[in-house]
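Novice: have a look at this fold, sequence not included:
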């Protein structure tokens, strides 16, 4: 918690703790859907608060990805069914409710679209060189990357 306090006032920290406790203590009358709605509202509010601030929004995305990994690798895996009927029910739920959760990562090309044309040409030349093993005269272009063997 000391790490979280860096750069935040005690009042901000107290408000966040109170909000976290509020979400965690929601009665189950509304169920997890209400808790998730509250959590989504908090995440949206944080994102809106940092609109236009790429570094801060990237930190938010990294945190969400870390939470996804933490839940998937810990709590979710330990909650996996131990019999066929329960596994079938879980798989039916995954299929019926939108599939497996996935966090999409942006491609480098999406970043490059924001650059002016002259900068894009420079980046494409650099990417072409790195794809061709550093040889600027190689016939490999960013549109036709070398196949990589793993």
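Specialist: Yep, it's here. Nothing here was measured: the structure is a model prediction, and the numbers come from that model.
Novice: what helix or strand does residue 52 sit in?
Specialist: Here residue 52 sits in a region with no helix or strand, counting by DSSP states H and E.
Novice: kindly provide the distance from residue 33 to residue 95.
Specialist: Residue 33 sits at a distance of 19 Å from residue 95 (criterion: Cβ to Cβ, to the nearest Å). Backbone N, C-alpha and C define where each C-beta goes, glycine included.
Novice: pLDDT on the helix or strand harbouring residue 85, on average?
Specialist: Assigned by DSSP H and E, residue 85 belongs to helix 84-96. The predicted model gives helix 84-96 an average pLDDT of 91.
Novice: what comes into contact with it?
Specialist: For helix 84-96, the external contacting residues (Cβ atoms under 8 Å, 6 or more residues apart in numbering) are 80, 81, 100.
Novice: give me the low-pLDDT residue ranges for the protein?
Specialist: The model of the chain has pLDDT under 70 over residues 1-13, 15, 20-30, 111-112, 115, 117-120, 129-150.
Novice: and it, what are its domain boundaries?
Specialist: 2-104, 106-150 (automatic domain parsing).
Novice: sorry, back to before: what are the buried residues along the helix holding residue 85?
Specialist: For helix 84-96, burial by neighbour count (16 or more other Cβ atoms under 10 Å) applies to no residue.
Novice: measure residue 87 to residue 81 for me?
Specialist: According to Cβ to Cβ, residue 87 and residue 81 sit 4 Å apart.
Novice: ugh, wrong one, residue 32
Specialist: 18 Å.
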